[in-house]
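[1] Give me the fold of what follows.
(chains A, B and C)
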Amino acid sequence: MSFPHRHLLGIEPLQPQDIQTILDTADGLKEILDRPIKKVPALRGKTVINLFYEASTRTRSSFEVAERVLSADSLSIATAASSVTKGETLLDTAKNLEAMNPDMVIMRHASSGAPHFLAQHCRFAVVNAGDGAHEHPTQALLDALTMRQRKGRLKGLRVAIVGDILHSRVARSNLWLLSKMGASVVLCGPPTLVPPGIEAMAPVTYRIDEAVEGADVVMMLRIQMERMSGGFFPTTREYHRHFGLTVERVGRAKKDVLVMHPGPMNRGVEIASEVADGPYSVILDQVTNGVAVRMAVLYLLLGGSAEAAS
Amino acid sequence: MSFPHRHLLGIEPLQPQDIQTILDTADGLKEILDRPIKKVPALRGKTVINLFYEASTRTRSSFEVAERVLSADSLSIATAASSVTKGETLLDTAKNLEAMNPDMVIMRHASSGAPHFLAQHCRFAVVNAGDGAHEHPTQALLDALTMRQRKGRLKGLRVAIVGDILHSRVARSNLWLLSKMGASVVLCGPPTLVPPGIEAMAPVTYRIDEAVEGADVVMMLRIQMERMSGGFFPTTREYHRHFGLTVERVGRAKKDVLVMHPGPMNRGVEIASEVADGPYSVILDQVTNGVAVRMAVLYLLLGGSAEAAS
Amino acid sequence: MSFPHRHLLGIEPLQPQDIQTILDTADGLKEILDRPIKKVPALRGKTVINLFYEASTRTRSSFEVAERVLSADSLSIATAASSVTKGETLLDTAKNLEAMNPDMVIMRHASSGAPHFLAQHCRFAVVNAGDGAHEHPTQALLDALTMRQRKGRLKGLRVAIVGDILHSRVARSNLWLLSKMGASVVLCGPPTLVPPGIEAMAPVTYRIDEAVEGADVVMMLRIQMERMSGGFFPTTREYHRHFGLTVERVGRAKKDVLVMHPGPMNRGVEIASEVADGPYSVILDQVTNGVAVRMAVLYLLLGGSAEAAS
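    Residues are numbered from 1 along each chain as shown, chains lettered A, B, ... in the order given. As a prediction, this is how the structure comes out:
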């Protein structure tokens, strides 16, 4: 399978065919994770740098597992220990990394567009692992893989995305992906947490019952506790009462609804524990698919040989 | 050699035969560490996650060396960078790790029972690398390996364990192991640092001279400086005078006594420098045996093939 | 190529022939970094511990890339997570590492002589990755490799080293190396940042125009912002005016001058952006050569087999 991009900077620049190629590749590679010996030589001798300017357990671990399974050599750089604290510009950091000849840099950064900046100025492949409130493409891809596995398709699905739409790169990447693949999205959150103008991309409601009504998929977003002090909403209790996904509210969706959450969850805030652990929850499938999608992205961008991945 | 357990959560649940299997395996694998090429493919393609909720150089490094020697793929997660700080429950963290399909999680945690909790709820093998004041099984195993190598046996040895018994998981695991293997243990520490009721398991004395008298092994515990402010004892100088192991006191033990310490040592507090560096000290043997014991545990729990470990 | 040293502690103890061996080896190994599969089995089964008591992105990453390319097993220990914080002596830390049988320890430490102390007391090979204001030998070697590649020789080159000479281990190692190889060095910096007595080793000027005049190489040192509060100089603006390398000042050097900087750079302070990015700048070559030099050092000290490195 050929892939026409050098980088994965976001979902927005992808064609539906590109998304399908990534999902198909992930489906094919996923089986490796169930083997007693979870290792293929596909990316032997390729150097991958994980450059995380924001703390992350789940995304970083997921990429690291994918790197090891594919036999890439990897190196992790976290903010605190980095030259950034010594006042170096991002471009100088990037050029320095480039001079060490890595094949790929996987970057998380608090500023929207930071990975694009790297991609413009450096030779290596860049994967965006989350940039500010902009995009988190591998998250949207793993979400899509999970939906496709369970529903057999993306086209025509009705997906409700509920929570802090304003600050969520997960929401943004999912909105792009689902629109491109022909799903219909409805956005829901408190008025203070829905960006003005977003109605141009998808219908918005401020009532969760309305959003969930008839949904094939309900995707809950994490409420970041630090928003509380920003005055975006009064208390977690209040938030749960108005926007938390309860068993009762799940009842308004389709019978075979999927409940998703990118994690880490605030149980009792954006999602009730009974829902998180309920039969419709595919939250842990999302995690497993995260490794598979990242394997696919590494593999497609680094041009691993097909034989070495089997 | 077959091993009938899925996890290593503590010494308490082990049978004497289990302990012997681990020690025999460690003895067999130890020789790999002296080779010019310290690497066997025994655990190729197995994924091990080192999940450390408490800082640790020596234990984490020891496990990491063992993992690399056996060719496992490993991943280290330390507290500060983890989702825990984002308010996720331990169960959710565990289930998320499980969804990435690791074969083993090695866990250090400040709460007693945290590794047991993981083992109950997850598919992967769990190794307890220290849980609160409860157990630190690989430490007791490396201590036992060291005694057995030097004395040829554990049965019948007289072992004095001296120091902060109250807060010590090392003391607790050693007490279990030595009792099971037929050694006789005497415990010694300031009254404030000996837990009430422990006399049911081993005799207690508050006088170090009495504890050391005729001992085959004297195992000194680290005094944690933070206990000072807790009022457990007045000053380090006072502590040394009453409970420090001096050359003079070592003289009361058997001629061929072994002096042990789990490290890191406070020289001049619980142990005099002359003793730490003396001919009876096997403190550095303990460190080497630590790598061998961890190799054995990884190997037995992950079912490595016998040929691949030779 | 045989190398008569067990350790790389500094440039001072090396003979010119040793320096040439390292540079020749680096030149030979560098080509591996351009291959599609950047991996040779030269150091398979060798264990290398990166022991960094000071934060470092570029040096640590460079060593880690070199380790992976040569297939060494490596382990990184950073200060914050280390037993040092538990009051252990450096010797005890070293002896504990030794007991785990590593083949090499790469050490950065704030105290001059710390790596020498390790080398005196331990069996493993030691590489100094920067000790206090004393030496940073791999930096001087990568600088020399860069000069030699561009100029075809070191002998007879006129090299100006400009900046904070007082606190710079980079300056010190370069001064040793260049003197041994027959280059002529001139040192330049504010009087408060030039150590008294250094004139015995190389001529000193306090005027950058004089230092740069007719130079083949101008090596700018990083100004550490924390020096500002020490009163070593008034403001960064003032510093730039008197000691910053501007396009105009570069004009005083030879036509084919090389401009070097060990990074991370303070653009607009010690070096103007136009100069850092100018045609005479070899700053990024230095970074690439850093990986090659570290590969050479690992290879020569760990006695990798010649066939396995091709």
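
[2] I'd assumed A:G130 was in contact with A:P115.
    No: look at A:P115 against A:G130 with CB atoms under 8 Å: they stay out of range, at 9.0 Å. (C-beta placed from N, C-alpha, C; glycine too.)

[3] Just list what the helix ranked longest in chain A packs against, helices and strands only.
    Taking DSSP state H as the assignment, the helix of chain A that covers the most residues is helix A:283-301. Contact partners of helix A:283-301 among helices and strands, from 3 or more CB pairs under 8 Å, 6 or more residues apart in numbering or on different chains; DSSP states H and E: helix A:16-29, helix A:58-69, strand A:125-131, helix A:137-151, strand A:258-260, helix B:90-99.

[4] Look at A:P115 and A:G130 and report which has more neighbours.
    Neighbour comparison, A:P115 and A:G130: the larger count goes to A:P115, with 28 against 25 (by other CB atoms under 10 Å in any protein chain shown).

[5] you'd agree that one is in a helix?
    Yes: when classified by DSSP: H, G, I helix; E, B strand; the rest coil, A:P115 is found to be part of a helix.

[6] Give me the neighbour count for the residue of the stretch 51-200 of chain A at minimum distance from chain B.
    The nearest approach of the stretch 51-200 of chain A to chain B comes at A:R68, 4.0 Å away (CB to the nearest CB). Using other CB under 10 Å, A:R68 has 20 other residues around it.

[7] now it, nearest residue through space, not along the chain?
    B:D73 (4.0 Å; CB to CB, 6 or more residues apart in numbering or on different chains).

[8] Go ahead and measure how far the longest helix of chain A is from the middle of the chain.
    10 Å (CA atoms, centre = their mean, to the nearest Å).

[9] pLDDT on it, on average?
    Helix A:283-301 carries an average pLDDT of 98.

[10] Now do the residue of the stretch 1-150 of chain A found nearest chain B, the pLDDT please.
    For the stretch 1-150 of chain A, the residue closest to chain B is A:I37, as judged by CB to the nearest CB, at 3.2 Å. In the prediction, the pLDDT value recorded for A:I37 is 94.

[11] pretty sure it contacts B:P41?
    No: A:I37 sits out of contact with B:P41 when judged by CB under 8 Å, with a separation of 9.9 Å.

[12] ok so, going back, angle of the longest helix of chain A against strand A:125-131?
    For the pair helix A:283-301 and strand A:125-131, the angle between their directions (axes from the mean of the first three to the mean of the last three CA atoms, to 10 degrees) equals 150 degrees.

[13] Kindly export helix A:283-301 (C-alpha atoms) in PDB.
    Output for helix A:283-301, consisting of C-alpha atoms alone and laid out as PDB, is shown next (Å, rounded to 0.1, in the frame of the first residue of the first chain):
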ATOM      1  CA  ILE A 283     -12.800   2.800  25.600                       C
ATOM      2  CA  LEU A 284     -10.200   0.000  26.000                       C
ATOM      3  CA  ASP A 285     -10.500  -1.100  22.400                       C
ATOM      4  CA  GLN A 286      -9.500   2.500  21.600                       C
ATOM      5  CA  VAL A 287      -6.300   2.000  23.500                       C
ATOM      6  CA  THR A 288      -5.400  -1.200  21.700                       C
ATOM      7  CA  ASN A 289      -6.300   0.300  18.400                       C
ATOM      8  CA  GLY A 290      -4.000   3.300  19.300                       C
ATOM      9  CA  VAL A 291      -1.000   1.000  19.100                       C
ATOM     10  CA  ALA A 292      -2.100  -0.500  15.800                       C
ATOM     11  CA  VAL A 293      -2.800   2.900  14.200                       C
ATOM     12  CA  ARG A 294       0.600   4.200  15.300                       C
ATOM     13  CA  MET A 295       2.300   1.100  13.900                       C
ATOM     14  CA  ALA A 296       0.500   1.800  10.700                       C
ATOM     15  CA  VAL A 297       1.600   5.500  10.600                       C
ATOM     16  CA  LEU A 298       5.200   4.600  11.400                       C
ATOM     17  CA  TYR A 299       5.200   1.900   8.800                       C
ATOM     18  CA  LEU A 300       3.600   3.900   6.000                       C
ATOM     19  CA  LEU A 301       5.700   7.000   6.600                       C
END
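
[14] What are the buried residues along that helix?
    Neighbour counts over helix A:283-301 (16 or more other CB atoms under 10 Å in any protein chain shown) mark A:283-301 as buried.

[15] Quick check: nearest residue in space to the most centrally placed residue in chain A, chain neighbours excluded?
    For chain A, the residue nearest the mean C-alpha position is A:Q139 (1.3 Å; CA atoms, centre = their mean). Nearest residue to A:Q139 in three dimensions, chain neighbours excluded: A:V170, at 5.1 Å (CB to CB, 6+ apart).

[16] Who are the contact partners of the one you found?
    The neighbourhood of A:V170, defined by CB atoms under 8 Å, 6 or more residues apart in numbering or on different chains, consists of A:H136, A:Q139, A:A140, A:D143, A:L221, A:P262.

[17] picking that back up, what angle separates the longest helix of chain A from helix A:58-69?
    With the same axes, to 10 degrees defining the directions, helix A:283-301 sits at 50 degrees from helix A:58-69.

[18] orientation of the helix or strand where A:A171 lies relative to strand A:125-131 in degrees?
    Using DSSP states H and E, the element containing A:A171 is helix A:169-180. Here helix A:169-180 runs at 120 degrees with respect to strand A:125-131, directions being taken by the same axes, to 10 degrees.

[19] Show the average pLDDT along helix A:169-180.
    Taken as a whole, helix A:169-180 has a mean pLDDT of 98.

[20] Quick one: name whatever helix or strand follows it.
    Taking DSSP H and E as the definition, the helix or strand that follows helix A:169-180 towards the C-terminus is strand A:184-188.

[21] Show me the contact partners of that following strand.
    Judged by CB under 8 Å, 6+ apart, the contacts made with strand A:184-188 from elsewhere in the structure are A:156-163, A:165, A:171, A:174-175, A:178-179, A:194, A:198, A:202-208, A:210-211, A:215, A:243.

[22] Give me the buried subset of those.
    Neighbour counting by 16+ other CB under 10 Å classes A:157-163, A:165, A:171, A:174-175, A:178, A:194, A:198, A:202, A:204-205, A:208, A:211, A:215, A:243 among the contacts of strand A:184-188 as buried.

[23] residues from chain A in reach of chain B?
    By CB under 8 Å from any CB of the partner chain, the part of chain A that sits against chain B consists of A:33-39, A:55-58, A:60-62, A:64-65, A:68-69, A:78, A:225, A:263-267, A:284-288, A:290-291.

[24] Just the buried subset of the residues you listed, written out for ChimeraX, thanks.
    To isolate the buried subset of the residues of chain A next to chain B in ChimeraX, counting by 16+ other CB under 10 Å, use the following:
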select /A:33,38,39,55,56,57,58,60,61,62,64,65,68,69,78,263,264,265,266,267,284,285,286,287,288,290,291
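
[25] Tell me the residues of the stretch 101-250 of chain A that contact chain C?
    With the criterion set to CB under 8 Å from any CB, the stretch 101-250 of chain A comes near chain C through A:N101, A:P102.

[26] same thing but at 6 Å, please
    The interface of the stretch 101-250 of chain A toward chain C, taken as CB under 6 Å from any CB of the partner chain, is made up of A:N101.

[27] Where does the closest residue to chain C within the stretch 101-250 of chain A sit: helix, strand or coil?
    Taking CB to the nearest CB, chain C has its nearest neighbour within the stretch 101-250 of chain A at A:N101, 4.8 Å off. Of the three states, A:N101 takes coil according to three-state DSSP.

[28] Understood, closing this out.
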